[in-house]
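the following block contains a protein sequence and its predicted model.
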Amino acid sequence: MAEAMISPLVHVTTENPNPIQPPGKIHVYDVSKSVMETIGKNYGVVTHSSIQSLVKDADIIVIAVKPQNCPVVFKEMVGHCNQDAKVLSIVAGKPSAEFVAGTGLKKIIRSMPNTPAMIGEGVTVWSCDPLVVTAKEQNTIRAILECLGEEIFVQDESFVDMSTSLSGSGPAYIFMLIEAMTDAGVHMGFPRHTAEKLVHRTLLGSTKYAMETGEHPAVLKNNVTSPGGTTASALFQLEQGQFRTVVTKAIWACYRRSLEMGGSDSNVGPGRFVGPKFTPPGSEFDSDSIKQPKGKRS
Ligand SMILES: NC(=O)C1=CN([C@@H]2O[C@H](COP(=O)(O)OP(=O)(O)OC[C@H]3O[C@@H](n4cnc5c(N)ncnc54)[C@H](OP(=O)(O)O)[C@@H]3O)[C@@H](O)[C@H]2O)C=CC1
Ligand SMILES: O=C(O)[C@@H]1CCC=N1
């Protein structure tokens, strides 16, 4: 994921010969030397031989390791950072409080980007305490995240965990759909590249159409569904396979895993309230079977 963040920052074109961030101002360290050297070579960024030397003069420290590797990283950072440094975490699940406790730094920004950032088409949900991270510092972070695609600031950090299940992990669900549809096309006899093109264009066109019209997806779906026609037959099969329920269950499972990885109570979601009710910190929730911010229930 770190590479997906570096790529748009240093990207240049003939029309835009100046990168948003000169590669020489981006410093990286990865415990895997070969990964780090490849990134260094491909993007011209500066590589380091230790976390200590990486963070010494850093203004913004992006932490992009897996959650289970965080304690080691925190330990190596302590006492080596500029006390005013900002930590931009993309780590799924880990609450800001753990970064404060682990690193001793106060300016923590939690974010959840996604891999389409690699081509500047990602979406990142992010949060920080505006009493600790100044407006100017927030603008700097916003400018970085904008390079990855769209950025959405949320005041309540628990929405970052929730966004993991929609946008953070979401590309994997879509790629699985692309794979399934393409394979079905190949099964029918289409050359793979033709099946791929049909599927890619259908997903792209449908998404753009939904975004541009702002129409409810059910209306758009109905417009495709001719009485007694082909689409109705396909939708019937999707419903028989509990398509929408399966998608919903997958999204809740993802959210629960995100909470679990952050050491939070993951007893959330439909049919999950067997123990004490769980309220994510800082948010106001109804406590019925499906959680929604108060006032949002329809
Ligand atoms: N992949 C995605 O789409 C997204 C991922 N994220 C988050 O980004 C983070 C990274 O995920 P992802 O890129 O998929 O994982 P990767 O395993 O691909 O990348 C993490 C890298 O960190 C290295 N690493 C491990 N320990 C250390 C250490 N102590 N110091 C420096 N580097 C270390 C790993 O090396 P090694 O392999 O040897 O352990 C690996 O090269 C996770 O926290 C994830 O939740 C967030 C949004 C989207
Ligand atoms: O699978 C994961 O844990 C990470 C977080 C979001 C996307 N990938």
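It's in. Numbering: from 1, shown residues only. Ligands and ions are numbered 1, 2, ... in the order given.

what's the longest helix seen in the chain packed up against?
Criterion DSSP state H: the longest helix present in the chain is helix 192-213. The contact analysis (3 or more CB pairs under 8 Å, 6 or more residues apart in numbering; DSSP states H and E) places helix 192-213 against helix 170-188, helix 217-224. All C-beta atoms are positioned from the backbone trio N, CA, C, and that covers glycine.

show me which residues of the protein sit near ligand 2.
92, 164, 168-169 (CB under 6 Å from any ligand atom).

thinking again about what came up before, include mean neighbour count and mean pLDDT when you put the helices and strands packed on helix 192-213 into a markdown table, please.
Shown next, in a markdown table, are those (neighbours: other CB atoms under 10 Å; pLDDT from 0 to 100):
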| stretch | mean neighbour count | mean pLDDT |
| --- | --- | --- |
| helix 170-188 | 14 | 98 |
| helix 217-224 | 11 | 98 |
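
got JSON lines for the ones you listed, with distance to ligand 1 too?
Below are the helices and strands packed on helix 192-213 laid out as JSON lines (distance: least, CB to the nearest ligand atom, whole Å):
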{"stretch": "helix 170-188", "distance to ligand 1": "7"}
{"stretch": "helix 217-224", "distance to ligand 1": "25"}
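
make CSV from the ones you listed and add distance to residue 14 to it.
Below are the helices and strands packed on helix 192-213 laid out as CSV (distance: least, CB to CB, whole Å):
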stretch, distance to residue 14
helix 170-188, 29
helix 217-224, 38
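
re the thing from before, quick check: angle from the longest helix of the chain to helix 217-224?
Counting by axes from the mean of the first three to the mean of the last three CA atoms, to 10 degrees, helix 192-213 lies at 120 degrees to helix 217-224.

just the closest residue of the stretch 151-298 of the chain to ligand 1, please.
Nearest residue of the stretch 151-298 of the chain to ligand 1, counting by CB to the nearest ligand atom: residue 168, 4.6 Å away.

which parts of the stretch 1-150 of the chain are helices?
2-10, 33-43, 51-55, 70-77, 96-103, 135-147 (DSSP state H, counting those that start in this stretch).

quick check, the last one touching ligand 1?
No: if you take CB under 6 Å from any ligand atom as the test, helix 135-147 misses ligand 1, and the best it gets is 12.2 Å.

between that helix and helix 2-10, how many degrees?
100 degrees.

quick check: mean pLDDT across helix 135-147?
Helix 135-147 shows a mean pLDDT of 97.

what helices or strands is it leaning on?
helix 2-10, strand 60-63, strand 86-89, strand 107-112, strand 122-128, strand 149-153.

and the fourth one with strand 149-153, angle?
Counting by the same axes, to 10 degrees, strand 107-112 lies at 120 degrees to strand 149-153.

for strand 107-112, which strands pair with it and how are they oriented?
Its sheet considered, strand 107-112 pairs with strand 86-89 (parallel), strand 122-128 (antiparallel) by DSSP bridges.

noted, bye for now.
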